[in-house]
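>>> Need the 3D shape of this:
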Amino acid sequence: MHFLRLLKADDVVPEPPTGLSDELTLRLLYERDFKLVLQAQQAAAGTYQAYEEAIHYWERLTSDPRLRDLVEREPRGRTRPVRRIFLEFMALLEQQPKRAKKVARLDAPRLSPRTVRKHCAALRTILDRSGPAGPHNREGQGILEVVPYSVLPRAAKEPPRPCLTLDDFDRLLAVTPQATLPSVRGVPPRAWWLALLILIGFTGIRIGTAMQLTWRMVQVDRLVIPARAIKRRQQGREFPLLPVVRTAILALQSAVELPPDALVFDFPDWPASQHHLQKQRRTLLQIAGITLAHNGFHSLRRRYLTEIGRLNRSAEAIAAGHMNPQTTISSYTQGFELVSDCQRTLRMPSSLPRDLLDGPTGRQQRLPFAD
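Residues are numbered from 1 along each chain as shown. Prediction:
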């Protein structure tokens, strides 16, 4: 493991500003100050985890230097940020393997550019708070005279991952009778999986939200979900409920009367047993003959949002629930399919030759360089 050295042999030790604690580091600033901000914002558990992961890499690769070592005094007396520390950290971060969920592999792939950028952005947010307040840094605490240096690496935009087609969805529903788990409250596994897949496929909610769904949240024509069950939101949401979805959910009721706060999709030993849920999902996909690379529950969410987008783009953005609508377009919407649908509705000039409108025939159907 390579660790970042704060100072090289030929470096001159920078003179830090006076009046700054020798013990204050980025980790201590996060624990002392930034966590209070997250608590005031009622941040979700995933937000805390994102900052913890970024600080984990910072501590491991830099030994968490003092904040006063991130700035230096110029000969004229002005304070300036030290660029080298963050740049060397970012170079080391790009070489880190992905964190294995079970057993670490020697050939594990490196962190993606988007993940590196995400961690750098989290660290920048904390470092900015140590600098002085200003028009572009209203949350600055004035701990340092200048904002420590940080930079966000460029990450190429990746196209949205493909989603399940309607035919794939149909085949997946057809194999639910072959599900073997879970067995809870006397409910057949087929009914459990049918309700879960139909719920995600016709509301677009995330699997994490679905597994927190209680009977109190199921209304006649909608799902009323509080903020605690929704990813990175400070307010609850309502999801319109089609009759087919409501009927599938009500089929999970057992002969025993359940309390309002009982889980709709009860699963033994959840969330520790979530790998059993994912294993059963992969088995059903294999039986259905679906070989899509990214075929998790999120592929159903992407299919739903794409179908909604075909009808109304504003409804798609509302259904996705993203704080930034651009996230829906860049990460979920199947742009090729939407543009292709629009192309088919274009009016053609009347002067086009008839043979072009009829399409290629015979040998013309084969493209010379097609795979």
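
>>> Who are the contact partners of the closest residue to Arg216 other than its chain neighbours?
Here the nearest residue to Arg216 in space, its sequence neighbours aside, is Pro260; by CB to CB, 6 or more residues apart in numbering that works out to 4.0 Å. The C-beta positions use only the backbone N, C-alpha and C, and glycine is treated the same way. Neighbouring residues of Pro260 by CB atoms under 8 Å, 6 or more residues apart in numbering: Thr214, Trp215, Arg216.

>>> do the same with Pro148
Neighbouring residues of Pro148 by CB under 8 Å, 6+ apart: Leu67, Leu70, Val71, Pro81, Val82, Phe86, Leu127, Ser130, Gly131.

>>> Using the three-state scheme, assign the residue nearest to the second one when sequence neighbours are not counted.
Excluding its sequence neighbours, the residue lying closest to Leu70 (CB to CB, 6+ apart) is Pro148, at 4.0 Å. For Pro148, the reduced secondary structure class is coil; criterion used: DSSP: H, G, I helix; E, B strand; the rest coil.

>>> before we move on, what about the one 3 residues further on?
At Val151 the chain is in coil, as set by three-state DSSP.

>>> Going by distance to Ile308, which of the contacts of Pro148 wins?
Leu127 (39.4 Å; CB to CB).

>>> Let me know whether the closest one touches Ser150 as I believe.
Yes - here Leu127 lies in contact with Ser150, judged by CB atoms under 8 Å, at a distance of 5.4 Å.

>>> Which pLDDT value goes with Leu106?
As predicted, Leu106 sits at a pLDDT of 61.

>>> okay, now the domains of this protein?
Domain assignment for the chain, taken from automatic domain parsing, gives 1-154, 166-342.

>>> Just put these in JSON lines and tack on distance to Pro160.
Converted to JSON lines, the domains of the chain look like this (distance: least, CB to CB, whole Å):
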{"stretch": "domain 1-154", "distance to Pro160": "13"}
{"stretch": "domain 166-342", "distance to Pro160": "6"}
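
>>> Between the ones you listed, which has the poorest mean confidence score?
Per-stretch mean pLDDT for those is lowest at domain 1-154 (a mean of 81).

>>> still on that earlier bit, pull out the buried residues from the contacts of Pro148.
Among these, those classed as buried by neighbour count (16 or more other CB atoms under 10 Å) are Leu67, Leu70, Val71, Pro81, Val82, Phe86, Leu127, Ser130, Gly131.
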